[in-house]
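# Sequence and computational prediction follow.
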Amino acid sequence: MRLVLASRAMAAARHAAKSQRSHLLSSLQASSAPLATSSFTARRMNEYVRHPRFSSTSSLHEPTLFTSPSAFADPIDATSDDALLRSDVRTMGTLLGEAISHHHGADVLQKVERLRSMAKESRTVSSAGEERLAPMAEFVSELTAKELVVISRAFAHFLGVANAAEAHQRCRRLKLDLEREVNEEVSLPVNGAPAPIGALHASKPDSTAGVISRLVYGKDGKSVSKEEIYKSLISQTVEIVLTAHPTQVNRRTLLEKHSRVQKILNEADSLREKSTPYHRQQLDDALRREIASIWQTDEVSRVKPTPQSEAERGTLVLETILWDSLPSFLRKLDATMKWGLGEEYGLPLTASPFKFASWMGGDRDGNPNVTPDVTREVCLTNRIKAAQLLEADVRELMGLISGNPPSVNCQSEAMQKIRMRVGEESRAPYRSYLHPVATKLANTASWAQRELKRVQKKENFDYHMANPEDVYLNEKELLEELLTVHQSLCDTGNTVVANGKLVDVIRKISAFGLTLVPLDVRQESDRHAEALDCITKYLGLGSYSDWDEATRVSWIQTQLQSRRPLIRSGIWREAESESFFTPTAVDTLETFQMISEQYEGSLGAYVISQCTSASDILAVLLLQLDAGVKKPLRVVPLFETLGDLNGAAATMEKLFSIPAYIGSLEGRKQEIMVGYSDSAKDAGRLAASWAQYETQVKLSEVAKKFSVDVVYFHG
């Protein structure tokens, strides 16, 4: 299963006074509906600001994260699960007010407070919207353009830091729930399950632990065998696809600052019970610095982002969060599987329950800025990041695994491999074995950086210049070396060491590979038809665009079976033939040329938008083979309009009846993307949802008929 995650930016204050007034009034409407880009609602904002300790600019004389229970005006606040959340938000709101007052004066802060109070009071008025907002409209109309900018930013930044506090509160609650489970303060959904270990939530029916316990220890004897559950867990993979638009990505600087705010809140939790006044003051000062810095940071990118910068921002979550949090989760999953199924049912080292992909730098549908060179640059940048991250991990392993197990009478084949590389006399065989691994990863990053510069300078280059002995081009090679270390540690009685950081690094390679995140290429079907039309005209075969569907399919089938190239690579740039090829056709053909140059793992799927027929899918397969792609990308039709969804089953049935296409499916797996946004625009949400459901049912029946395994890409 594949899922799309789209990045969305926080609303930014506009600079025209009229737009600012309109934006400010709309943001202040005290509605219970969530803000478009924030989980923090206006209703909950009012809950925070109603508290007496947040009722004025001097509400907290000494803003601190370490508010004692006696400081709460309402005793209920001190005992509720949200007490710390309210305290955190009040503290950060006060610090934000300090920054505003310091840089813009107390009078501006008073106007912020006045407008906030008016917004709060408007919720108690029973009159219609216009009358209710009239006092605020009159107040805003008297503000200067400069004041409007400051006040708009004040509310935007307050919502930003409140979001950070709410995100941390969710983690805080999940941690508290685990503690309650372990302390038997909550009941499990089924009887007979083992006592919770606090890895994943056993009491939550939608958590992995909760599902395992219900399946194994289900009521009325309706249990599932442990072997069946185990096979299902280790064979399924969810692929999360990151998508974004250049205007919808948060600034990296603000993301990093909000991340640091959450780290400060997390550290404060650990210091609340036992800490010194000095440590508490240091943490309060750190928070004050971050809030002050946030206020002085521009929320809006003043330079139009390029597809390359979009991709860099989009993959930030992989580098800063998922790189470490994914192996941490997989440890919990491994422990949960052993808890619910038995010690022999742990998560295999190379299992990949989660994979990641990205459209940033590969999605060229409707975006002429995404050229073949842009995709080359993003692929190389991802390789550089992956190599650098892995090198840092391997060098850390060199310090952690410094032992020298005895080699006398050692029957370990893995240990013998290590000794063959480092010699029998090495006193730190693992460190010596891993040193060339780290060096080769550094060489990989350097090689990719050189190639990136050549692409940026528009130089002619050949990806195959890389020497596999000097750099890592295949993750299997790196994985095999680390698995050798793991096996030798286990063979020599060092299993506890083997299952430490080394396991995390192995699982990172299984999930992220050598490219961090592969790119999907997306293009609309008409572009492929145009490219083939230029080719058939050049070959004197007529106009592909004028052919009917049966003629197109028949011709493509013949070409797929012949395996002969239609045209010579680069012929579209030659003077005597360039008149046959349109600029868009040249871009399409050079995109397929770029695909043929990439090493394995750089690219993922080729998604065809506006897919309406079998020939649309066959065209992409043919263009890949004609460009010399050794291992063609999986071709993914995107059915997005209501008409496309209704015709999807017939299209795939026609496709699956073509032997040449079925033979191209690796493992007889076909990925199909079901479009949500366009179908909802086309038919409305209810009709689109029903059409999506019916389409998937029909597609599954067609796939079963032809013994094809369908992978649905929901996006």
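Everything's here; your move. Remember, it's a predicted structure, so these values are computed and weren't measured experimentally.
# So for this structure, the centremost residue is which one?
By C-alpha atoms, centre = their mean, the chain has its centre lying nearest to Leu242, at 4.7 Å.
# quick one, phi psi at that one?
Dihedral angles of Leu242 (phi, psi; degrees, to the nearest 10) stand at phi -90, psi 130.
# Beta-bridge partners for it, please?
Leu5, Ser358 (DSSP bridges).
# How about the contacts made by it?
5, 7, 314-315, 317-318, 356-360, 517 (C-beta atoms under 8 Å, 6 or more residues apart in numbering). Where you see a C-beta, it was placed from the backbone N, CA and C, and this is true even at glycine.
# If we use 7 Å, what do you get?
5, 314, 356, 358, 360 (C-beta atoms under 7 Å, 6 or more residues apart in numbering).
# ok, now Leu347?
Leu347 touches 234, 330, 333-334, 337, counting by C-beta under 7 Å, 6+ apart.
# Could you do Phe580 as well?
534, 537-538.
# Return the subset of the residues you listed lying in helices.
Among the contacts of Phe580, the residues falling in helices (DSSP state H) are 534, 537-538.
# Isn't Leu109 up against Ser101?
Yes: Leu109 lies in contact with Ser101 (C-beta atoms under 7 Å); the separation is 4.4 Å.
# related to what we said a few turns ago, if we take the contacts of Leu347, which one ends up nearest to Thr375?
Nearest to Thr375 among those is Leu330, at 30.1 Å by C-beta to C-beta.
# Wait, the closest one touches Arg507, no?
Yes: Leu330 lies in contact with Arg507 (C-beta under 7 Å); the separation is 5.3 Å.
# So which of those two has more stuff around it?
Each of Leu330 and Arg507 has its neighbours counted (other C-beta atoms under 10 Å); Arg507 has more, 25 against 22.
# Quick check: the nearest residue to the more buried one once chain neighbours are set aside vs Lys631, distance?
With sequence-adjacent residues excluded and distances taken as C-beta to C-beta, 6 or more residues apart in numbering, Arg507 is closest to Pro327, at 4.8 Å. As judged by C-beta to C-beta, to the nearest Å, Pro327 and Lys631 stand 28 Å apart.
# picking up where we left off before, before we move on, what's the pLDDT of the residue nearest to the centre of the chain?
pLDDT recorded at Leu242 is 90.
# show me where the stretch 501-650 of the chain has strands.
Secondary structure of the stretch 501-650 of the chain by DSSP state E, counting those that start in this stretch: the strands cover 519-524, 603-609, 634-639.
# Need these in TSV (columns: mean neighbour count).
TSV is the format used below for those (neighbours: other C-beta atoms under 10 Å):
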stretch	mean neighbour count
strand 519-524	24
strand 603-609	25
strand 634-639	24
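# what helix or strand does the residue nearest to Arg507 sit in?
helix 323-341 (DSSP states H and E).
# average pLDDT across that helix?
Across helix 323-341, the per-residue pLDDT values average to 95.
# which helices and strands sit right next to that helix?
helix 208-216, helix 226-235, helix 501-512 (3 or more C-beta pairs under 7 Å, 6 or more residues apart in numbering; DSSP states H and E).
# Just the residues contacting that helix, thanks.
Under C-beta under 7 Å, 6+ apart, the answer for helix 323-341 is 194, 197, 199-200, 208-209, 212-213, 216, 226, 229-230, 233, 345-347, 353-354, 389, 504, 507-508, 511.
# how close does Glu424 sit to Met136?
81 Å.
# hang on, I meant Pro368
From Pro368 to Met136 the distance is 43 Å (C-beta to C-beta).
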